[in-house]
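> what's the 3D shape of this:
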Amino acid sequence: MKERLGKFNLELEKSKSRLIEFGRFAEGNSRRRNGKKPETYDFLGFTFYCGKGRKSGNFCVKLKTSRKKYAQKLKAMKVWLYANNDLPVKELIEKLNKKLVGHYRYYGVSYNGKKLGAFLHFTQRYLCKALNRRSQKKSYTWDGFADMLKVYPLAKSKIYVRLF
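Here you go, the predicted structure:
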């Protein structure tokens, strides 16, 4: 690998490169060896891991949002909501929906539905908190916030790309 990359004047970063057992027999071998699940790897904001398909039960590569990227995106969403909580609710929800749909389009791949749903849930919680920071008086209870979301709904999470 080192020679191949050297032809293109590229180098392999030792701290970011490693060989892992991955594939059809990785889970069984790993459990026999050390009693743990097989290793995973992160690439382009996704964590790739070994799994089994729902229908067939055969080996399948599964993806979910990387923990690091998930935490970064949630923190960025919270900062954005607190910075823009002075906008009218209708305009705020429109801009927020664009941000949510962009997130869903990138991370909306097979087997990542739980992470998308969790992202929407925490975004709703941060939105409620941000709207309650508008004045000294609490603007919304959770029930009142749910009623407001019926009038101005947030974009629902959706799987846009079926990889497998």
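> so residue 60, which of the three states?
The local conformation at residue 60, judged by DSSP: H, G, I helix; E, B strand; the rest coil, is strand.
> settle this for me: it is touching residue 27, isn't it.
No - using C-beta atoms under 8 Å, residue 60 is not in contact with residue 27, being 11.2 Å away. Where you see a C-beta, it was placed from the backbone N, CA and C, and this is true even at glycine.
> ok, which stretches of this protein are helices?
Using DSSP state H, the helices found in the chain span residues 2-6, 26-34, 67-83, 89-107, 113-132, 142-151.
> what number of residues lie near residue 30?
Residues lying near residue 30 (other C-beta atoms under 10 Å) number 17.
> contact partners for it?
Neighbouring residues of residue 30 by C-beta atoms under 8 Å, 6 or more residues apart in numbering: 21, 36, 37, 38, 39.
> now, of the residues you listed, which are buried?
Of the members of these, the ones counted as buried by neighbours, 16 or more other C-beta atoms under 10 Å, are residue 38.
> flag every buried residue along the lowest-mean-pLDDT helix or strand in the chain.
The helix or strand of the chain with the poorest confidence is helix 26-34; it has a mean of 77 (mean pLDDT, DSSP states H and E). For helix 26-34, a neighbour-count test (16+ other C-beta under 10 Å) marks 26, 27, 30 as buried.
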